[in-house]
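1. sharing a model that was predicted from the sequence below.
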Amino acid sequence: MEDWKTRTKLVHSGIRRSQYGEVAEGIFMTQGFVYDSAEAAEARFLEAGPDEFIYARYGNPTVKMFEDRIAALEGAEDAFATASGMAAVNGALTSMLKAGDHVVAARALFGSCLYILEDVLTRFGVEVTFVDGTDLAQWKRAINKDTKAVFFETMSNPTLEVVDIPAVAKLARRVDAKVIVDNVFATPVFSRALEQGADVVVYSATKHIDGQGRALGGVILGTKEFIRKTVEPYLKHTGGSMSPFTAWIMLKGLETLDLRVRAQAATAQAMAEALQWDSRLERVIYPGLEQHPQHVLAGHMLEKPGTVLSLDIKGGKDAAFRFLNALKIMTISNNLGDAKSIVTHPATTTHQRLSEEQRAELGISPGLVRVSLGIEDSDDLIADVKQALDAV
Ligand SMILES: *Cc1c(COP(=O)(O)O)cnc(C)c1O
């Protein structure tokens, strides 16, 4: 099983069949499990065996299948599935930090991640320093002997800045700080974050893993020691576990993950190339283009530079809105990684909460549109974008 390739793992890893030998993974829609005797209950509470479960907040056979399958894909020793991507980010950070600890994080973060670092952790006495994630000198200056964790998104939302995992990990290792990576934009198919030096990898499974816009979910991956001794006690007692039905959706999502993200990334590359010199655009942001500032780094670190690109449309907010409203195939929404192509105007939606200065600092201009490519025909999608630009 260890040497299975990605697509085989995504279909077969982690399977647990009941006595009925079902083909599709069973949905164990149960909160609890019965014990054959009082003695058996006592023994299981003392130490549960591999096929023994106690309560769905602690673990469940369907959830376990999802955890084992994604761990096999990622090459992680273990995984803990969560109710959402944010439960995963919060669980990974909060389970390991205490008052007096120091965290260094990249500034360009998903809004809710920023909230956890800026508003939640600081309330409990954790000190947080923000840096420009692409500037190694800033990481070096900020990491000190009290630093217990560094946190960043491999590729940031929506400006797709790429953080150098091996280089940041090397700096973190000098002070024994854990490297926690939110790897959503990189995807588990294109990234080898653990091999490159990350200690803990976190996903919002809501995005590419489900990939069909159905359910919220998340997962934390790391060593058996970290997952079982640090993450599991925190999550099983605070209630952020994944439901069995969600785990089943995510298992089915994993089966087709590789096929979907490869098609999406191919379309992203084709669209970026088709639009890169378009005079109606200020810039096309995609790490697969040579003019992207981290193009070379992305080429070393990621098999493909993701399924999302951003377009900065000349004419600011008005032009961006005209563009969005003229699209015929792509839909306006704020998910990403979906089978359906989705466009977002970050300045007025996902990043509305930030001040104008903060948005400017992050490169989120009024004309910026984030495009998450789906699995539709790529010629149709490129034609859709071109006709919408004509309408601007
Ligand atoms: C969506 C997202 C999250 C949060 O995930 P949810 O499943 O919505 O809770 C965290 N980080 C990144 C980079 C995301 O895109």
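-> Here it is on my side, so go on.
2. contact partners for R260?
-> By Cβ atoms under 8 Å, 6 or more residues apart in numbering, R260 lies in contact with 208, 211, 339, 375. Where you see a C-beta, it was placed from the backbone N, CA and C, and this is true even at glycine.
3. which strand or helix spans it?
-> Using DSSP states H and E, R260 sits in helix 244-275.
4. and what of L171?
-> helix 165-173.
5. buried ones in that helix, by neighbour count?
-> Buried residues in helix 165-173, counted by 16 or more other Cβ atoms under 10 Å: 165, 168-169, 171-172.
6. over to stretch 252-272?
-> In stretch 252-272, counting by 16+ other Cβ under 10 Å, buried: 252-258, 260-265, 267-272.
7. of those residues, list those near the ligand.
-> Contacts with the ligand are made by none of these, judged by Cβ under 6 Å from any ligand atom.
8. burial of the spatially closest residue to G306 that is not a sequence neighbour, as a residue count?
-> In space, and not counting its chain neighbours, G306 is closest to F185: 5.3 Å by Cβ to Cβ, 6 or more residues apart in numbering. F185 has 27 neighbouring residues, counting by other Cβ atoms under 10 Å.
9. the residue in the chain positioned nearest to the ligand and I116, how far apart?
-> Residue nearest to the ligand within the chain (Cβ to the nearest ligand atom): G85, separated by 2.2 Å. Separation of G85 from I116 (Cβ to Cβ, to the nearest Å): 11 Å.
10. and the contacts of R260, which of them are in strands?
-> In strands, judged by DSSP state E, none of the contacts of R260 are found.
11. any chance of those residues in CSV, plus pLDDT, distance to the ligand and neighbour count?
-> Below are those laid out as CSV (pLDDT from 0 to 100; distance: Cβ to the nearest ligand atom, whole Å; neighbours: other Cβ atoms under 10 Å):
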residue, pLDDT, distance to the ligand, neighbour count
H208, 98, 10, 28
G211, 98, 13, 29
A339, 98, 16, 18
I375, 98, 19, 21
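12. which residues in this protein form strands?
-> Under DSSP E, the chain gives strands at 78-82, 102-106, 127-131, 147-153, 178-182, 200-204, 218-222, 281-285, 308-313, 331-332, 342-344, 368-372.
13. show me how far the fourth one is from its chain's centre.
-> If I follow you right, that is strand 147-153. Distance of strand 147-153 from the chain centroid (Cα atoms, centre = their mean, to the nearest Å) equals 15 Å.
14. which residues touch the residue nearest to G306?
-> 153-157, 160, 306, 308, 336.
15. keep only these that also lie close to the ligand.
-> 153, 157.
16. farthest pair in the contacts of F185?
-> T154 and L336 (14.1 Å; Cβ to Cβ).
17. near the ligand, which residues of the stretch 151-300 of the chain are found?
-> So far as Cβ under 6 Å from any ligand atom goes, the stretch 151-300 of the chain lies against the ligand at 153, 157, 182, 184, 204, 206-207, 216, 218.
18. may I see the buried residues of helix 165-173 organised as a markdown table, with pLDDT and distance to Q358 added?
-> Formatted as a markdown table, those follow (pLDDT from 0 to 100; distance: Cβ to Cβ, whole Å):
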| residue | pLDDT | distance to Q358 |
| --- | --- | --- |
| I165 | 98 | 25 |
| V168 | 98 | 23 |
| A169 | 98 | 27 |
| L171 | 98 | 25 |
| A172 | 98 | 26 |
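19. dump stretch 162-171 to PDB, keeping only the CA atoms.
-> Extracted C-alpha coordinates of stretch 162-171, given in PDB (Å, rounded to 0.1, in the frame of the first residue of the first chain):
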ATOM      1  CA  VAL A 162       3.900  31.400  -2.600                       C
ATOM      2  CA  VAL A 163       5.800  30.800   0.700                       C
ATOM      3  CA  ASP A 164       9.000  28.900   0.500                       C
ATOM      4  CA  ILE A 165       8.200  25.900   2.800                       C
ATOM      5  CA  PRO A 166      11.800  24.400   3.000                       C
ATOM      6  CA  ALA A 167      13.400  27.800   3.700                       C
ATOM      7  CA  VAL A 168      10.900  28.800   6.400                       C
ATOM      8  CA  ALA A 169      11.000  25.300   7.900                       C
ATOM      9  CA  LYS A 170      14.800  25.500   8.200                       C
ATOM     10  CA  LEU A 171      14.500  28.800  10.200                       C
END
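20. show residues contacting that stretch.
-> 106, 133-134, 136, 139-140, 143, 150, 152-156, 179, 181, 193, 196-198, 287, 294, 297-298, 301-302, 305.
21. also stretch 211-219?
-> Residues contacting stretch 211-219 (Cβ under 8 Å, 6+ apart): 66-67, 70, 79-89, 202-206, 209-210, 242, 245-247, 249-250, 253, 256-257, 260, 335, 337-340.
22. hmm, which of those are the buried ones?
-> Buried among these by 16+ other Cβ under 10 Å: 66-67, 70, 79-89, 202-206, 209-210, 242, 246-247, 249-250, 253, 256-257, 260, 335, 337-340.
23. what's around E225, how many residues?
-> E225: 10 neighbours (other Cβ under 10 Å).
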